[in-house]
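Task: produce atomic coordinates for the following.
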Amino acid sequence: MSQPSYALLPGADESTVILHVPHSARTIPYAVRADIVLGDEALERELDHITDAHTAELAEAAAGLAGVTPWRFVNRLSRLVVDPERFPDEREEMLAVGMGAVYTRTTHQEVLRDASCAAEPLIERYFRPYARAMTEAVAGRLAATGRAVVIDVHSYPSRALPYELHAAGPRPPVCLGTDAFHTPAELTEAARAAFAECGETGLDSPFGGTYVPLEFYGTDARVGALMVEIRRDLYMTEPGGPAGAGLERPAAALAALVDAAGR
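Residues are numbered from 1 along each chain as shown. Take a look at the predicted model:
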């Protein structure tokens, strides 16, 4: 690769917070596109559904509003290249619908890649460097401040898509994904307070869990983590349209959460 597939955007030296934006991009390198069986129009439709559109803008706006500027780690490539938040092995439950670290099925469970397409080259080229860089980013906050808080910035559709494993539950305006080890109660409560003006805030439905680099996962309590899922109809035209004025409210809420998490 001529340049990394991610960007670490520095925040304040004293900030403990990393806003992680893994699913906002639509870019697919030419060599990767060659192994995707969808035609161009079908691929654009799939990108509309699978991309967490405008979440990089949301994180950027929140960083500008926060009292202490957080760090931002932003994926520059589509999750159709690799999904950096999946487990790269059999621990990943989304393998059941062909959406592990390397997707073989679409949001509507159509074929995305032929079964003969090897996943390991993509994992080696894109997944592992991303994971190492995110690990280093967290380690940097630990070294500088003694702790780190990863806030995962996502969005999700107002109506369930066929790939969703837990679609039967509530779809609140804001879904908070938590981890029993890495999400302390005070972080969850800070998020509920910050997003109160956006409407109802739910926990782990329709999406649960949060992202922590595997080096720290389940072992280092200095690393806090929370996933924030904003329902897309709050701020954009679904499935892949422009953002509207509604983006301002979740951006302000996210900035409030950054400030609360950094205390």
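
switch to C-alpha atoms for all contacts and neighbour counts from now on
Fine.

Assign residue 167 to helix, strand or coil.
coil (DSSP: H, G, I helix; E, B strand; the rest coil).

ok, it touching residue 206?
Yes: Residue 167 lies in contact with residue 206 (CA atoms under 8 Å); the separation is 5.8 Å.

So which of those two has more stuff around it?
Comparing residue 167 with residue 206 by other CA atoms under 10 Å, the one with more neighbours is residue 206, at 21 against 15.

Tell me which residues touch the more buried one, please.
Neighbouring residues of residue 206 by CA atoms under 8 Å, 6 or more residues apart in numbering: 166-171, 175.

That one - that's part of a strand, no?
No: with three-state DSSP as the criterion, residue 206 is located in coil rather than a strand.

State the pair within the contacts of residue 206 that is farthest apart.
Across the contacts of residue 206, the longest distance by CA to CA is 14.2 Å; it joins 168 and 175.

Between those two, tell me which one has more neighbours.
Taking residue 168 and residue 175 together and counting by other CA under 10 Å, residue 175 has the greater number of neighbours (26 against 10).

Confirm that that one sits in a strand.
Yes: under three-state DSSP, residue 175 falls within a strand.

Wait, residue 104 touches residue 114, no?
Yes: assessed by CA under 8 Å, residue 104 is found in contact with residue 114 at 7.0 Å.

So for the two, which residue has more residues nearby?
Set residue 104 next to residue 114 and count neighbours by other CA under 10 Å: residue 104 wins out with 22 against 12.

what residues are up against the more buried one?
Neighbours of residue 104 in contact, by CA under 8 Å, 6+ apart: 98, 111-115.

Can you show me the strands along the chain?
6-9, 17-21, 71-75, 148-156, 174-177, 201-203, 223-231 (DSSP state E).

I'd like the ones you listed as a markdown table, with mean pLDDT and distance to residue 261 appended.
Shown next, in a markdown table, are those (pLDDT from 0 to 100; distance: least, CA to CA, whole Å):
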| stretch | mean pLDDT | distance to residue 261 |
| --- | --- | --- |
| strand 6-9 | 98 | 19 |
| strand 17-21 | 98 | 7 |
| strand 71-75 | 98 | 13 |
| strand 148-156 | 98 | 7 |
| strand 174-177 | 98 | 14 |
| strand 201-203 | 97 | 17 |
| strand 223-231 | 98 | 9 |
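
Redo these as TSV? Include distance to residue 29.
TSV is the format used below for these (distance: least, CA to CA, whole Å):
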stretch	distance to residue 29
strand 6-9	13
strand 17-21	19
strand 71-75	13
strand 148-156	22
strand 174-177	30
strand 201-203	35
strand 223-231	27
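
Not counting its neighbours along the chain, what's nearest residue 94?
Closest residue to residue 94 in three dimensions, ignoring its sequence neighbours and counting by CA to CA, 6 or more residues apart in numbering: residue 100, at 5.3 Å.

Now residue 36. Nearest residue, chain neighbours left out?
residue 113 (4.9 Å).

likewise residue 163?
That would be residue 107: by CA to CA, 6+ apart, it lies 5.1 Å from residue 163.

May I have the distance across stretch 116-126, first residue to last?
End-to-end span of stretch 116-126 (CA to CA, to the nearest Å): 19 Å.

May I see the ChimeraX selection of the buried members of the contacts of residue 104?
Remark: buried members of those, expressed as a ChimeraX selection using 16 or more other CA atoms under 10 Å:
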select :98,111,112,113
